[in-house]
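Novice: Dropping a prediction and its sequence here:
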Amino acid sequence: MGEPVQDLAALEADARETIAAAADLPALQAARAALLGRKGSLSQILRGLGGLPPEERGRVGQAANRLKGEVEAWVEARRASLEGAARDRSLAEHQLDVSLPGDVAPRGHLHPTTQVEREVVAFFASLGFSVETGPEVETEYHNFEALNFPDDHPARDMQDTFFVEGGAVLRTHTSPVQIRAMSGREPPFRFIAPGRVYRHDRSLRHFPMFHQVEGFMVDERASFADLKGILYAFARHMMGERVDLRFRASFFPFTEPSAEMDFTCLVCDGAGCPTCSQSGWVEWGGCGMIHPNVLGHCGIDAERWQGFAFGMGLDRAAMLRHGIPNIHLLFEGDLRVLEQF
Ligand code: DAH
(Lines give C-alpha, C1' and ligand atoms only; values in the text may rest on other atoms or scores of the structure.)
Protein backbone atom coordinates (compact mmCIF):
# COMPACT_ATOMS: atom_id res chain seq x y z
CA MET A 1 0.00 0.00 0.00
CA GLY A 2 1.32 3.43 -0.99
CA GLU A 3 1.08 6.71 0.87
CA PRO A 4 -2.61 6.94 2.01
CA VAL A 5 -3.04 10.60 1.14
CA GLN A 6 -1.69 10.02 -2.36
CA ASP A 7 -4.08 7.06 -2.66
CA LEU A 8 -6.85 9.47 -1.77
CA ALA A 9 -5.72 11.91 -4.46
CA ALA A 10 -5.79 9.14 -7.07
CA LEU A 11 -9.16 7.97 -5.80
CA GLU A 12 -10.52 11.48 -6.01
CA ALA A 13 -9.48 11.91 -9.64
CA ASP A 14 -10.84 8.51 -10.50
CA ALA A 15 -14.15 9.08 -8.67
CA ARG A 16 -14.73 12.44 -10.32
CA GLU A 17 -14.20 10.87 -13.71
CA THR A 18 -16.39 7.77 -13.17
CA ILE A 19 -19.25 9.82 -11.77
CA ALA A 20 -19.08 12.32 -14.59
CA ALA A 21 -19.00 9.46 -17.10
CA ALA A 22 -22.03 7.60 -15.66
CA ALA A 23 -24.38 7.55 -18.65
CA ASP A 24 -27.58 6.72 -16.79
CA LEU A 25 -28.98 6.24 -13.30
CA PRO A 26 -28.02 2.53 -12.95
CA ALA A 27 -24.42 3.35 -13.97
CA LEU A 28 -24.37 6.19 -11.46
CA GLN A 29 -25.71 3.87 -8.78
CA ALA A 30 -22.96 1.37 -9.55
CA ALA A 31 -20.25 4.05 -9.41
CA ARG A 32 -21.54 5.23 -6.05
CA ALA A 33 -21.57 1.67 -4.69
CA ALA A 34 -17.96 1.12 -5.88
CA LEU A 35 -16.88 4.13 -3.81
CA LEU A 36 -19.20 4.41 -0.86
CA GLY A 37 -20.85 0.96 -0.69
CA ARG A 38 -19.96 -1.42 2.13
CA LYS A 39 -17.04 -2.79 0.08
CA GLY A 40 -16.41 0.49 -1.73
CA SER A 41 -12.83 1.76 -2.00
CA LEU A 42 -13.40 4.89 0.07
CA SER A 43 -15.25 2.94 2.74
CA GLN A 44 -12.29 0.57 2.96
CA ILE A 45 -9.89 3.46 3.46
CA LEU A 46 -12.11 4.88 6.20
CA ARG A 47 -12.32 1.47 7.83
CA GLY A 48 -8.52 1.09 7.65
CA LEU A 49 -7.83 4.37 9.49
CA GLY A 50 -7.42 2.53 12.77
CA GLY A 51 -4.36 0.71 11.36
CA LEU A 52 -2.52 3.94 10.59
CA PRO A 53 0.09 5.41 12.84
CA PRO A 54 -1.58 7.94 15.19
CA GLU A 55 0.18 10.95 13.69
CA GLU A 56 -1.28 10.18 10.21
CA ARG A 57 -4.70 9.09 11.38
CA GLY A 58 -6.12 12.61 11.84
CA ARG A 59 -4.87 14.01 8.55
CA VAL A 60 -5.90 11.03 6.42
CA GLY A 61 -9.19 10.76 8.26
CA GLN A 62 -10.04 14.40 7.55
CA ALA A 63 -9.07 14.09 3.88
CA ALA A 64 -11.08 10.85 3.48
CA ASN A 65 -14.17 12.34 5.13
CA ARG A 66 -13.94 15.45 2.99
CA LEU A 67 -13.67 13.28 -0.11
CA LYS A 68 -16.65 11.23 1.04
CA GLY A 69 -18.72 14.43 1.28
CA GLU A 70 -17.59 15.53 -2.15
CA VAL A 71 -18.35 12.17 -3.73
CA GLU A 72 -21.88 12.36 -2.30
CA ALA A 73 -22.25 15.86 -3.76
CA TRP A 74 -20.96 14.82 -7.20
CA VAL A 75 -23.30 11.83 -7.26
CA GLU A 76 -26.26 14.06 -6.38
CA ALA A 77 -25.26 16.63 -9.00
CA ARG A 78 -24.87 13.94 -11.64
CA ARG A 79 -28.18 12.39 -10.63
CA ALA A 80 -29.93 15.76 -11.01
CA SER A 81 -28.39 16.31 -14.39
CA LEU A 82 -29.28 12.79 -15.61
CA GLU A 83 -32.85 13.19 -14.39
CA GLY A 84 -33.16 16.60 -15.98
CA ALA A 85 -31.91 15.24 -19.29
CA ALA A 86 -34.38 12.35 -19.08
CA ARG A 87 -37.23 14.80 -18.44
CA ASP A 88 -36.17 16.99 -21.35
CA ARG A 89 -36.02 13.95 -23.64
CA SER A 90 -39.45 12.78 -22.56
CA LEU A 91 -40.92 16.27 -23.01
CA ALA A 92 -39.42 16.46 -26.48
CA GLU A 93 -40.81 13.03 -27.36
CA HIS A 94 -44.33 13.64 -26.05
CA GLN A 95 -44.86 17.08 -27.40
CA LEU A 96 -48.38 18.41 -26.94
CA ASP A 97 -49.65 21.08 -29.29
CA VAL A 98 -52.38 22.72 -27.28
CA SER A 99 -53.38 24.80 -30.28
CA LEU A 100 -54.59 21.72 -32.25
CA PRO A 101 -58.38 21.56 -32.66
CA GLY A 102 -60.08 19.02 -30.36
CA ASP A 103 -61.75 15.78 -31.44
CA VAL A 104 -65.34 16.50 -32.35
CA ALA A 105 -67.62 14.20 -30.34
CA PRO A 106 -70.26 12.55 -32.54
CA ARG A 107 -73.59 14.20 -31.96
CA GLY A 108 -76.94 12.45 -32.21
CA HIS A 109 -80.33 13.89 -32.96
CA LEU A 110 -83.95 13.31 -32.04
CA HIS A 111 -85.83 10.44 -33.62
CA PRO A 112 -88.05 11.62 -36.52
CA THR A 113 -91.19 10.75 -34.54
CA THR A 114 -89.90 12.66 -31.51
CA GLN A 115 -89.23 15.66 -33.74
CA VAL A 116 -92.86 15.59 -34.91
CA GLU A 117 -94.12 15.04 -31.38
CA ARG A 118 -92.22 18.06 -30.07
CA GLU A 119 -93.56 20.26 -32.86
CA VAL A 120 -97.11 19.14 -32.12
CA VAL A 121 -96.72 19.82 -28.41
CA ALA A 122 -95.15 23.22 -29.08
CA PHE A 123 -98.02 24.20 -31.39
CA PHE A 124 -100.70 23.27 -28.86
CA ALA A 125 -98.75 24.83 -26.02
CA SER A 126 -98.97 28.08 -27.99
CA LEU A 127 -102.78 27.70 -27.79
CA GLY A 128 -102.67 27.20 -24.04
CA PHE A 129 -102.79 23.39 -23.98
CA SER A 130 -100.66 21.66 -21.37
CA VAL A 131 -99.15 18.20 -21.58
CA GLU A 132 -100.68 15.22 -19.77
CA THR A 133 -99.31 11.70 -19.68
CA GLY A 134 -100.58 8.31 -18.61
CA PRO A 135 -99.17 4.79 -18.14
CA GLU A 136 -98.53 2.51 -21.10
CA VAL A 137 -99.70 -0.47 -19.04
CA GLU A 138 -103.25 0.63 -18.47
CA THR A 139 -106.36 -0.71 -16.78
CA GLU A 140 -109.25 -1.96 -18.90
CA TYR A 141 -111.33 0.61 -17.09
CA HIS A 142 -109.29 3.57 -18.40
CA ASN A 143 -108.56 2.09 -21.83
CA PHE A 144 -112.13 0.95 -22.57
CA GLU A 145 -114.86 1.13 -19.97
CA ALA A 146 -114.60 4.77 -18.94
CA LEU A 147 -114.30 5.66 -22.63
CA ASN A 148 -117.74 4.16 -23.16
CA PHE A 149 -116.61 0.98 -24.94
CA PRO A 150 -119.28 -1.67 -24.41
CA ASP A 151 -118.04 -4.98 -22.98
CA ASP A 152 -118.44 -6.73 -26.31
CA HIS A 153 -116.84 -3.97 -28.42
CA PRO A 154 -114.56 -5.54 -31.07
CA ALA A 155 -111.66 -3.23 -30.12
CA ARG A 156 -111.38 -5.15 -26.84
CA ASP A 157 -110.75 -8.31 -28.83
CA MET A 158 -107.54 -10.33 -28.61
CA GLN A 159 -106.86 -9.38 -32.23
CA ASP A 160 -106.14 -5.81 -31.25
CA THR A 161 -105.26 -5.63 -27.59
CA PHE A 162 -102.20 -6.93 -25.80
CA PHE A 163 -103.41 -8.23 -22.46
CA VAL A 164 -101.04 -8.15 -19.51
CA GLU A 165 -101.27 -10.69 -16.69
CA GLY A 166 -103.45 -9.49 -13.88
CA GLY A 167 -106.13 -7.88 -16.03
CA ALA A 168 -104.20 -4.89 -17.37
CA VAL A 169 -103.68 -4.05 -21.04
CA LEU A 170 -101.03 -2.25 -23.06
CA ARG A 171 -102.97 0.88 -23.90
CA THR A 172 -104.32 0.69 -27.43
CA HIS A 173 -104.64 4.47 -27.77
CA THR A 174 -103.85 7.69 -25.89
CA SER A 175 -107.54 8.35 -25.19
CA PRO A 176 -107.36 6.88 -21.64
CA VAL A 177 -105.27 9.93 -20.73
CA GLN A 178 -108.53 11.88 -21.12
CA ILE A 179 -109.95 9.91 -18.20
CA ARG A 180 -106.85 10.29 -16.05
CA ALA A 181 -106.50 14.00 -16.75
CA MET A 182 -110.16 14.89 -16.17
CA SER A 183 -111.09 12.68 -13.21
CA GLY A 184 -111.34 14.62 -9.99
CA ARG A 185 -110.61 17.97 -11.63
CA GLU A 186 -112.77 20.94 -12.42
CA PRO A 187 -113.01 22.14 -16.04
CA PRO A 188 -112.08 24.15 -18.05
CA PHE A 189 -109.36 21.93 -19.56
CA ARG A 190 -107.02 22.19 -22.48
CA PHE A 191 -104.74 19.16 -22.66
CA ILE A 192 -102.43 17.51 -25.15
CA ALA A 193 -101.21 13.95 -24.49
CA PRO A 194 -98.58 12.35 -26.71
CA GLY A 195 -97.28 8.85 -26.15
CA ARG A 196 -96.71 5.24 -27.16
CA VAL A 197 -99.58 2.89 -27.85
CA TYR A 198 -99.70 -0.83 -28.70
CA ARG A 199 -101.78 -2.99 -30.99
CA HIS A 200 -101.53 -6.53 -32.20
CA ASP A 201 -100.95 -5.50 -35.77
CA ARG A 202 -98.00 -5.85 -38.12
CA SER A 203 -97.64 -4.85 -41.77
CA LEU A 204 -95.69 -2.36 -43.88
CA ARG A 205 -97.80 0.42 -42.40
CA HIS A 206 -98.31 -1.05 -38.92
CA PHE A 207 -95.97 -1.80 -36.09
CA PRO A 208 -97.07 -3.29 -32.73
CA MET A 209 -95.88 -0.11 -31.00
CA PHE A 210 -96.58 3.30 -32.42
CA HIS A 211 -97.20 6.88 -31.30
CA GLN A 212 -100.34 8.92 -31.00
CA VAL A 213 -101.22 12.31 -29.71
CA GLU A 214 -104.49 13.05 -28.00
CA GLY A 215 -105.90 16.54 -27.59
CA PHE A 216 -109.00 17.64 -25.73
CA MET A 217 -110.65 20.75 -24.50
CA VAL A 218 -113.60 21.15 -22.14
CA ASP A 219 -115.38 24.31 -21.14
CA GLU A 220 -118.92 25.66 -21.21
CA ARG A 221 -118.99 26.38 -24.94
CA ALA A 222 -116.28 24.40 -26.76
CA SER A 223 -117.88 23.44 -30.09
CA PHE A 224 -117.26 21.34 -33.14
CA ALA A 225 -116.55 24.61 -34.98
CA ASP A 226 -113.73 25.35 -32.48
CA LEU A 227 -112.40 21.86 -33.05
CA LYS A 228 -112.33 22.33 -36.82
CA GLY A 229 -110.70 25.74 -36.51
CA ILE A 230 -107.95 24.40 -34.29
CA LEU A 231 -107.32 21.38 -36.52
CA TYR A 232 -107.11 23.58 -39.63
CA ALA A 233 -104.62 25.86 -37.93
CA PHE A 234 -102.66 22.83 -36.73
CA ALA A 235 -102.60 21.17 -40.19
CA ARG A 236 -101.40 24.38 -41.86
CA HIS A 237 -98.76 24.89 -39.22
CA MET A 238 -97.42 21.36 -39.68
CA MET A 239 -97.86 20.90 -43.42
CA GLY A 240 -98.08 24.29 -45.04
CA GLU A 241 -100.76 26.73 -46.11
CA ARG A 242 -101.95 24.78 -49.13
CA VAL A 243 -103.09 21.75 -47.15
CA ASP A 244 -106.84 21.15 -46.97
CA LEU A 245 -108.80 19.02 -44.50
CA ARG A 246 -111.81 16.79 -44.96
CA PHE A 247 -114.09 15.55 -42.18
CA ARG A 248 -116.03 12.32 -42.66
CA ALA A 249 -118.81 11.27 -40.30
CA SER A 250 -117.63 8.28 -38.27
CA PHE A 251 -118.09 6.49 -34.98
CA PHE A 252 -116.07 6.30 -31.78
CA PRO A 253 -117.63 5.17 -28.50
CA PHE A 254 -116.17 8.14 -26.65
CA THR A 255 -117.33 10.94 -28.97
CA GLU A 256 -120.70 12.00 -30.33
CA PRO A 257 -120.82 13.17 -33.04
CA SER A 258 -117.59 11.68 -34.33
CA ALA A 259 -115.55 12.29 -37.45
CA GLU A 260 -112.46 11.04 -39.15
CA MET A 261 -110.26 13.65 -40.76
CA ASP A 262 -108.10 13.45 -43.84
CA PHE A 263 -105.66 15.97 -45.29
CA THR A 264 -104.80 16.54 -48.92
CA CYS A 265 -102.03 14.27 -50.07
CA LEU A 266 -98.94 16.42 -50.22
CA VAL A 267 -97.17 14.10 -52.63
CA CYS A 268 -99.66 14.66 -55.47
CA ASP A 269 -101.47 17.79 -54.16
CA GLY A 270 -104.72 15.85 -54.20
CA ALA A 271 -104.49 14.55 -57.75
CA GLY A 272 -104.10 10.91 -56.71
CA CYS A 273 -100.90 8.86 -56.39
CA PRO A 274 -99.67 5.61 -54.80
CA THR A 275 -99.06 7.28 -51.42
CA CYS A 276 -102.75 8.17 -51.07
CA SER A 277 -104.00 5.08 -52.93
CA GLN A 278 -105.15 7.39 -55.74
CA SER A 279 -107.70 9.09 -53.46
CA GLY A 280 -105.95 12.45 -53.10
CA TRP A 281 -106.45 12.25 -49.30
CA VAL A 282 -104.40 10.83 -46.44
CA GLU A 283 -106.07 9.64 -43.24
CA TRP A 284 -105.03 11.68 -40.25
CA GLY A 285 -107.04 10.70 -37.20
CA GLY A 286 -110.33 10.83 -35.38
CA CYS A 287 -112.17 13.52 -33.50
CA GLY A 288 -115.52 14.51 -32.10
CA MET A 289 -117.44 15.99 -29.21
CA ILE A 290 -116.64 14.17 -25.96
CA HIS A 291 -119.50 11.79 -25.12
CA PRO A 292 -121.51 12.80 -22.03
CA ASN A 293 -120.91 9.31 -20.59
CA VAL A 294 -117.14 9.95 -20.67
CA LEU A 295 -117.56 13.24 -18.84
CA GLY A 296 -119.85 11.44 -16.39
CA HIS A 297 -117.19 8.77 -15.71
CA CYS A 298 -114.81 11.60 -14.81
CA GLY A 299 -117.32 13.14 -12.41
CA ILE A 300 -117.98 16.12 -14.68
CA ASP A 301 -121.49 17.54 -15.05
CA ALA A 302 -122.30 17.03 -18.75
CA GLU A 303 -125.24 19.41 -18.49
CA ARG A 304 -122.87 22.26 -17.77
CA TRP A 305 -119.60 21.30 -19.51
CA GLN A 306 -118.87 20.17 -23.04
CA GLY A 307 -115.76 19.59 -25.06
CA PHE A 308 -114.06 18.10 -28.03
CA ALA A 309 -111.29 15.57 -28.46
CA PHE A 310 -109.04 14.42 -31.26
CA GLY A 311 -106.41 11.76 -31.71
CA MET A 312 -103.91 11.08 -34.43
CA GLY A 313 -100.83 9.06 -35.26
CA LEU A 314 -97.41 10.70 -35.10
CA ASP A 315 -95.33 8.13 -36.96
CA ARG A 316 -97.32 8.51 -40.15
CA ALA A 317 -96.53 12.22 -40.14
CA ALA A 318 -92.80 11.52 -39.74
CA MET A 319 -92.93 8.96 -42.56
CA LEU A 320 -94.74 11.32 -44.92
CA ARG A 321 -92.41 14.17 -44.10
CA HIS A 322 -89.31 12.12 -44.95
CA GLY A 323 -90.74 9.80 -47.59
CA ILE A 324 -90.12 6.72 -45.41
CA PRO A 325 -92.05 3.88 -47.06
CA ASN A 326 -92.11 1.37 -44.20
CA ILE A 327 -92.90 2.08 -40.54
CA HIS A 328 -90.57 -0.72 -39.42
CA LEU A 329 -87.61 1.37 -40.57
CA LEU A 330 -88.45 3.88 -37.85
CA PHE A 331 -88.26 1.44 -34.95
CA GLU A 332 -85.67 -1.15 -35.80
CA GLY A 333 -82.88 1.08 -34.53
CA ASP A 334 -80.76 0.78 -37.68
CA LEU A 335 -78.43 3.76 -37.49
CA ARG A 336 -77.88 3.71 -41.25
CA VAL A 337 -81.54 4.69 -41.51
CA LEU A 338 -81.88 6.98 -38.51
CA GLU A 339 -78.72 8.97 -39.19
CA GLN A 340 -80.35 10.35 -42.33
CA PHE A 341 -82.84 12.53 -40.42
N1 DAH B 1 -108.45 6.80 -29.87
C2 DAH B 1 -108.76 6.71 -31.29
C3 DAH B 1 -107.90 5.64 -31.93
O4 DAH B 1 -106.92 5.27 -31.39
C5 DAH B 1 -108.47 7.99 -31.97
C6 DAH B 1 -109.44 9.06 -31.57
C7 DAH B 1 -110.60 9.23 -32.23
C8 DAH B 1 -109.17 9.89 -30.51
C9 DAH B 1 -111.52 10.22 -31.90
C10 DAH B 1 -110.06 10.88 -30.14
C11 DAH B 1 -111.22 11.05 -30.86
O12 DAH B 1 -109.81 11.71 -29.13
O13 DAH B 1 -112.09 12.02 -30.50
O14 DAH B 1 -108.24 5.18 -32.99
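Specialist: That came through fine. Residues are numbered from 1 along each chain as shown.
Novice: from here on, contacts and neighbour counts on C-alpha atoms
Specialist: Will do.
Novice: before we move on, what SS does Met238 have?
Specialist: helix (DSSP: H, G, I helix; E, B strand; the rest coil).
Novice: Near the ligand, which residues of the chain are found?
Specialist: Contact residues (CA under 6 Å from any ligand atom) of the chain with the ligand: 173, 175, 214, 255, 286-288, 309-311.
Novice: burial count for the closest residue to Phe163 other than its chain neighbours?
Specialist: Nearest residue to Phe163 in three dimensions, chain neighbours excluded: Val169, at 4.4 Å (CA to CA, 6 or more residues apart in numbering). Per other CA atoms under 10 Å, the neighbour tally for Val169 reads 22.
Novice: partners of the one helix or strand Val169 maps to, with directions?
Specialist: Using DSSP states H and E, Val169 falls within strand 168-170. According to DSSP bridges, strand 168-170 has the following sheet partners: strand 137-139 (antiparallel), strand 163-164 (antiparallel).
Novice: what's the next secondary structure element after it?
Specialist: Moving toward the C-terminus from strand 168-170, the next helix or strand (DSSP H and E) is helix 176-182.
Novice: Contacts only, for Cys273.
Specialist: Applying CA atoms under 8 Å, 6 or more residues apart in numbering to Cys273 gives the contacts 267, 279-280.
Novice: got a winner among those for most neighbours?
Specialist: Gly280 (20 neighbours).
Novice: can you give me phi and psi for that residue?
Specialist: Main-chain dihedrals, Gly280, degrees, to the nearest 10: phi 80, psi -10.
Novice: Test my guess that it contacts Asp262.
Specialist: No: the criterion here is CA atoms under 8 Å, and Gly280 misses it with Asp262 at 9.6 Å.
Novice: if I pick the closest residue to Asp160 other than its chain neighbours, what's in contact with it?
Specialist: Nearest non-adjacent residue to Asp160, counting by CA to CA, 6+ apart: His200, 4.8 Å away. Contacts for His200 (CA under 8 Å, 6+ apart) come out as 158-162, 208.
Novice: Please pick the buried ones from those residues.
Specialist: For those, a neighbour count by 16 or more other CA atoms under 10 Å gives the buried set as 161-162, 208.
Novice: ok, the residues you listed vs Glu93, which is closest?
Specialist: For the buried ones among the contacts of His200, the minimum distance to Glu93 (CA to CA) is 58.8 Å, reached by Pro208.
Novice: Enumerate every residue touching the closest one.
Specialist: By CA under 8 Å, 6+ apart, Pro208 lies in contact with 198-202.
Novice: Endpoints of stretch 270-283, how far apart?
Specialist: Length of stretch 270-283, first residue to last, CA to CA, to the nearest Å: 13 Å.
Novice: And for stretch 127-144?
Specialist: End-to-end distance for stretch 127-144: 29 Å, by CA to CA.
Novice: Run through who's touching that stretch.
Specialist: 121, 124-125, 150, 156, 164, 167-173, 175-177, 179-181, 190-197.
Novice: If you count neighbours, what's buried in it?
Specialist: For stretch 127-144, using 16+ other CA under 10 Å, the buried residues are 129-134, 136-140, 142-144.
Novice: Which ones among the buried ones among the contacts of His200 lie within strands?
Specialist: Among those, no member falls in strands (criterion: DSSP state E).
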